Each structure stands twice: as structure tokens, then as C-alpha cells.
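>>> Here is the input, now give the coordinates:
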Amino acid sequence: MAVSKIRKISSLTLWVMMLISLAVFGLFYFGGVVPGTETAETPVPEYTDLLLRWGYVILGITLVMTIAFAIVHLIKLFKDNFRSAIGNLIAIVLFFALFFIGYSMGSGTPLSIPGYDGADNTPFWLKITDMWLYTAYILLILIFAALVWGSIKKMVDK
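Model (predicted):
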């Protein structure tokens, strides 16, 4: 009974989020352009802000739920299997160390972007962007290394 209730709730949530996303994308693509930009080389869609805010909402919900479930899982692990919980805690600490290293490697030099007059071309945001990029690169390399290692180990074990 509990599984079917969870499945119903998750399916309903999925469908609601997909319908909202489709509506937002429909407004973005077919909702017209900002007056005065119709003849510009790249007209500005009317609902760009709505699309960006919806992306932030989805990202925020995902981050909050991921962190909440990870904390609950870690608490349960500390009760049931302390050694495994310590391993998970070490992985979390390594993740934050990876973020710190990526942030430290980032450049805070403002970029020269033609036509951009926004306030986000600051050293903090530039270093944050570099942090995410470096972290993604390092994780992709580690994933590739794990795939290669797994394949080699599988061939050697035969």
C-alpha cells in the first residue's frame, strides 16, 4: 500500500511539473517578443524572465529535496551501519573539498562582453562559474576513469 501511494504521489508530481514546464516553454516560444525588439537581429522573447525563474524554482526544489533525502539517509545510516555512514560522510567532505579547489582555481578577472551591461560580471560570480566548470570536468574525468577501471577489472576477473 505504501509503495502504491508513493508511486501515485511521485507520478502526480511528475505530471504537474511537466505540464507547468510545457506551459512555460509554450509561452516562451510562442508568447511573442518584447515590443521594440521585433526588428532587431535577435528579438527578445516576452516570457524570458518567466522561463528563467521557473528554471530557478525547479533547481531549488531539486537541491532542497536532494539535500533533505541525503540527510535523512545519512541519519538512518548512522543508526544502522556506522562504518558505512562514515564512508558517506567522507564522500561528502571530498565533494566540498572539490568545490573549494574549483573555487580556488577560478579566475575573478572581469570579462569583456560586448553588449552586456549586467551586474553579474563580478569576481565572485566568475569564480563560482569556474568552480562549477572545473568540478564538472573533474567529475567527468573520474566517471570516465571509473568506466575504464571497471571494464579492465571485469576483463581481468574472467
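>>> any idea how far the one residue sitting closest to the centre of the chain is from Ala68?
The structure's the chain has its C-alpha centroid closest to Leu59; by CA atoms, centre = their mean the separation is 6.4 Å. Distance, Leu59 to Ala68, using CB to CB, to the nearest Å: 15 Å. From N, CA and C alone the C-beta is placed, and that goes for glycine too.
>>> hey, where'd the helices end up in the protein?
Secondary structure of the chain (DSSP state H): helices at 2-30, 48-80, 82-105, 123-157.
>>> Please convert those helices to TSV, extending it with mean pLDDT.
Rendered in TSV, the data for the helices of the chain read as follows (pLDDT from 0 to 100):
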stretch	mean pLDDT
helix 2-30	91
helix 48-80	93
helix 82-105	91
helix 123-157	94
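>>> can those helices go into a markdown table with extra columns for distance to Ser112?
Conversion of the helices of the chain to a markdown table gives the following (distance: least, CB to CB, whole Å):
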| stretch | distance to Ser112 |
| --- | --- |
| helix 2-30 | 29 |
| helix 48-80 | 24 |
| helix 82-105 | 21 |
| helix 123-157 | 12 |
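>>> Compare the ones you listed and give me the one nearest Pro114.
Nearest of those to Pro114, taken as CB to CB: helix 123-157 at 16.9 Å.
>>> What residues of the closest one count as buried?
Using 16 or more other CB atoms under 10 Å as the burial criterion, the residues of helix 123-157 that qualify are 126-128, 130-131, 134-135.
>>> Okay, angle between that helix and helix 82-105 too, please.
Regarding helix 123-157 and helix 82-105, their directions subtend 130 degrees when assessed with axes from the mean of the first three to the mean of the last three CA atoms, to 10 degrees.
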